[in-house]
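Undergrad: sequence unknown, structure follows:
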């Protein structure tokens, strides 16, 4: 429903996001940065939890067109956040990393702006999951990104919103885990949790199994705690 009923989709997603994030951080009084999140929906839910919400997005046109408020948002890039180092209590990103050509740069930036002891929460859709192609899935698994895009155009008479190599990139769970391990070794973060965001609790083990998590984790999530960098 992301494109057909954005109000319903983003309202439910925002409420679910805040509830899940609250299990890792006290949001009451926290300064939250939402990297790539749309205005209105997420800001309202974080405000209900007592947080001060700041949003960064390269383009807020889709959300504004849906009737969402745009106040409190800054237009900017996730790979070069216009935010002071160590100034954020909780740095959050939902379903954005797969739309960034250089995901490691965005992850580095999220860690940079988070204060020591703060939480970094990142979730995204791995390319090999059923929804990896977004509206072109699951055909991306059979036809590849370009083939699934051509099929979508033939059937719908228009280009998909998510185009492989342009607005959608084939990121894997393994790639973000390699980055997380390197950041941990560098003394920048501690890994708090790794989970399949929309799975029931008993199925969380899926996110910890290489290869299996690529296909079965529809939304791969890493939760990190920022620690002091060694001198």
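TA: Noted; the coordinates are in hand. None of these values were measured; they are calculated from a predicted model.
Undergrad: residue 118 contacts residue 227, correct?
TA: No: contact criterion CB atoms under 8 Å: residue 118 and residue 227 do not qualify, at 9.7 Å. Where you see a C-beta, it was placed from the backbone N, CA and C, and this is true even at glycine.
Undergrad: show me the residue sitting in the middle of the protein in space.
TA: residue 94 (2.6 Å; CA atoms, centre = their mean).
Undergrad: quick one: contacts for it?
TA: 13, 17, 34, 36-37, 123 (CB atoms under 8 Å, 6 or more residues apart in numbering).
Undergrad: return the subset of the residues you listed lying in strands.
TA: 34, 123 (DSSP state E).
Undergrad: can you pick the most crowded of the contacts of residue 94?
TA: Counting neighbours by other CB atoms under 10 Å, residue 37 comes out on top of the contacts of residue 94 with 29 neighbours.
Undergrad: residue boundaries of the helices in this structure?
TA: Secondary structure of the chain by DSSP state H: the helices cover 6-21, 41-48, 61-65, 103-113, 139-156, 173-185, 212-216.
Undergrad: report the mean confidence score over the first one.
TA: Think helix 6-21. For helix 6-21, mean pLDDT is 82.
Undergrad: give me the packing partners of it, helices and strands only.
TA: helix 41-48, helix 61-65, strand 88-94 (3 or more CB pairs under 8 Å, 6 or more residues apart in numbering; DSSP states H and E).
Undergrad: stretch 14-27: end-to-end distance?
TA: 14 Å (CA to CA, to the nearest Å).
Undergrad: in it, what's buried?
TA: Going by neighbour count (16 or more other CB atoms under 10 Å), the buried part of stretch 14-27 is 14, 17-18, 20-22, 24-25, 27.
Undergrad: residues in contact with it?
TA: 41-42, 44-46, 48-51, 89-90, 92, 94, 118-119, 121, 192-193, 197, 223.
Undergrad: then stretch 221-231?
TA: Stretch 221-231 has contacts (CB under 8 Å, 6+ apart) with 24, 111, 114-123, 176-177, 180, 183, 186-197, 207.
Undergrad: distance check, residue 202 against residue 127.
TA: According to CB to CB, to the nearest Å, residue 202 and residue 127 sit 26 Å apart.
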